[in-house]
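1. have a look at this fold, sequence not included:
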């Protein structure tokens, strides 16, 4: 007895694409015709459980499948949607992307009423988030080191290598 | 003006688009914004008219109007940053989930001519709804779409379904056999809780639920010709 997506990933029925890391299949109870579910083969509930290799790969494949939907079904748009967590509408405890074809005047409603937040609410949100963004980006850097990395980047533009160690970048600054 | 645009080279046109693009102005610093994260490839800012508090817009610094224009390398980077920003939201707001959303095309809700990924914090009982409707397609409709897509995937991505042989189910990542079954709410909530408390995820799945077995029909062997009219009717 398995999770519905793990089970689906093993079947050939409605499978559209597969590689080492991810599988895509057509959803039969679709939001719109051509609705694709793209999921990693490895089972885990939310995106945060997956390593960078799988996450980056799945979005690259989603981009390609979205273009294929355009060409094949002559649609007018696509949505990529991840429902990450129950409150976000996650219905199956296996992280997956929805690639949803859109046409003009289709009955799908995937939007929101924009809120007007007060300046201090926005400021609070900004502060809360920036407290934790030290862990975002190439290197899991400490807050104090972030400044050094930024300075290094302004000196050496255009030549940046994603994988380059930020410590080495810092060394480049030494006159 | 229209004539001027018509006579522009692709580079000039791109430059023109950038000058008209408010997000390019935000990237360059000409227009102020609440910056959450920045590196040499992308920038994350707070949406000034958010769906929820903490709604982040993640943009490539380079101007791409639509998703197919975004190179794989940039897409890969944006994906990783989206994941990390989602994690950041969970920690910062102690929320119960996040939505990662891309609107590709006007009809899909794309509001700006600069590709972006939305990362939206979600709270229990908030007024947002990204629950997708379920409209069952008939077997024939599914087959039609499936065959058309498989053809294109085979041509463009080099993947072809082998109907006869069962496909490999293991990736090299998992040492243990796949053995998930989970209580939906518990597992997701637990995972989010752990992230928020900074704990490492070490638990195995605790409960198994019996899943619904789908009746499998034998795939038809005859090839049918795709009819785009049929497909477009499905959308009305």
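-> Thanks, I have it. Everything quoted here is computed from the prediction, not taken from an experiment.
2. only C-alpha atoms for contact and neighbour calcs from this point on.
-> Fine.
3. how near is the residue nearest to residue A:22 when sequence neighbours are not counted to residue A:59?
-> Of all residues beyond its chain neighbours, the one nearest residue A:22 is residue A:40 (4.1 Å), with distances taken as C-alpha to C-alpha, 6 or more residues apart in numbering or on different chains. Using C-alpha to C-alpha, to the nearest Å, residue A:40 is found at 11 Å from residue A:59.
4. what's the neighbour count on residue 43?
-> All of this refers to chain A. Applying other C-alpha atoms under 10 Å in any protein chain shown, we find 21 residues neighbouring residue A:43.
5. let me rephrase: I mean chain B.
-> Residues within reach of residue B:43, counting by other C-alpha under 10 Å, total 20.
6. a strand runs through it, doesn't it?
-> Yes. According to DSSP: H, G, I helix; E, B strand; the rest coil, residue B:43 belongs to a strand.
7. what's near enough to touch it?
-> By C-alpha atoms under 8 Å, 6 or more residues apart in numbering or on different chains, the contact set of residue B:43 is B:27, B:35-37, B:58-61.
8. and the pLDDT for it?
-> Model confidence at residue B:43, given as pLDDT, is 97.
9. kindly state the beta-bridge partners for it.
-> In this entry, residue B:43 is beta-bridged to residue B:38, residue B:59, by DSSP bridges.
10. which helix runs longest in the chain?
-> No chain in the question, so chain A it is. When chain A is parsed with DSSP state H, its longest helix is helix A:52-73.
11. the intended chain is chain B.
-> From DSSP H, the single longest helix across chain B is helix B:72-93.
12. next, the buried residues of it.
-> Across helix B:72-93, burial judged by 16 or more other C-alpha atoms under 10 Å in any protein chain shown covers B:72, B:74-93.
13. can you tell if the longest strand along chain B touches chain A?
-> Ranked by residue count, the top strand of chain B under DSSP state E comes out as strand B:97-104. Yes. Strand B:97-104 reaches chain A (C-alpha under 8 Å from any C-alpha of the partner chain) through B:97-104.
14. middle-most residue in chain A, spatially?
-> residue A:59 (5.8 Å; C-alpha atoms, centre = their mean).
15. nearest residue to it in space, please, no chain neighbours.
-> Nearest to residue A:59 is residue B:79, by C-alpha to C-alpha, 6+ apart, at 6.1 Å.
16. that neighbour against residue A:55, yeah?
-> Yes. With contacts defined as C-alpha atoms under 8 Å, residue B:79 counts as touching residue A:55 at a distance of 6.1 Å.
17. for chain B, which spans come out with low pLDDT?
-> Residue ranges of chain B with pLDDT under 70: B:163-185, B:197-236.
18. average pLDDT across stretch A:59-72?
-> 96.
19. residues contacting residue B:160?
-> Residues counted as contacts of residue B:160 (C-alpha under 8 Å, 6+ apart) are A:17, B:150, B:153-154.
20. now it: how far from residue A:18?
-> In terms of C-alpha to C-alpha, residue B:160 sits 9 Å off from residue A:18.
21. name the element the residue sitting furthest away from the middle of chain B belongs to?
-> Distance from the C-alpha centroid of chain B, by C-alpha atoms, centre = their mean, peaks at residue B:3 (37.1 Å). Assigned by DSSP states H and E, residue B:3 falls within helix B:2-6.
22. in chain A, where's the longest strand?
-> The single longest strand within chain A, with elements called by DSSP E, is strand A:77-84.
23. is the next helix-or-strand element following that strand anywhere near chain B?
-> Next helix or strand after strand A:77-84 toward the C-terminus (DSSP H and E): strand A:97-102. Yes. Counting by C-alpha under 8 Å from any C-alpha, chain B is contacted by strand A:97-102 at residue A:102.
24. domain parsing for chain B?
-> As assigned by automatic domain parsing, chain B contains the domains B:2-122, B:139-162+B:177-234.
25. what does chain A give?
-> A:4-102, A:119-172.
26. most tightly packed of those?
-> Each of those was scored by mean neighbour count; the highest is domain A:4-102, a mean of 22, by mean count of other C-alpha atoms under 10 Å in any protein chain shown.
27. pull up the distance across that domain, start to finish.
-> With C-alpha to C-alpha, one end of domain A:4-102 sits 25 Å from the other.
28. what angle separates the longest strand of chain A from strand B:97-104?
-> For strand A:77-84 against strand B:97-104, the angle by axes from the mean of the first three to the mean of the last three C-alpha atoms, to 10 degrees is 170 degrees.
29. where exactly do the helices run in chain A?
-> In chain A, the segments counted as helices under DSSP H are A:4-10, A:52-73, A:119-132, A:143-155, A:166-172.
30. over to chain B?
-> Assigned by DSSP H, chain B shows helices spanning B:2-6, B:10-20, B:22-28, B:72-93, B:139-157, B:184-197, B:228-234.
31. before we move on, back to that, tell me what the longest strand of chain A is packed against?
-> helix A:52-73, strand A:97-102, strand B:97-104 (3 or more C-alpha pairs under 8 Å, 6 or more residues apart in numbering or on different chains; DSSP states H and E).
32. pull the residues that contact the last one.
-> Residues outside strand B:97-104 that contact it (C-alpha under 8 Å, 6+ apart): A:77-88, B:66-67, B:82, B:86, B:89-90, B:109-110, B:115-123, B:192.
33. 6 Å instead?
-> By C-alpha atoms under 6 Å, 6 or more residues apart in numbering or on different chains, the surrounding residues in contact with strand B:97-104 are A:77-85, A:87-88, B:109-110, B:117-122.
34. sheet-wise, list the partners of it with their directions.
-> strand A:77-84 (antiparallel), strand B:117-122 (antiparallel).
35. least confident secondary structure element in chain A?
-> helix A:143-155 (a mean of 38; mean pLDDT, DSSP states H and E).
36. residues from chain A in reach of chain B?
-> Contacts of chain A with chain B, taken as C-alpha under 6 Å from any C-alpha of the partner chain, map to A:1-3, A:16, A:28-31, A:45, A:52, A:56, A:60, A:77-85, A:87-89, A:93, A:102, A:104, A:112, A:114-116, A:125, A:128-130, A:132, A:136.
37. could you count how many residues lie near the nearest residue to residue B:5 once chain neighbours are set aside?
-> With sequence-adjacent residues excluded and distances taken as C-alpha to C-alpha, 6+ apart, residue B:5 is closest to residue B:13, at 6.9 Å. Counted by other C-alpha under 10 Å, the residues lying close to residue B:13 total 15.
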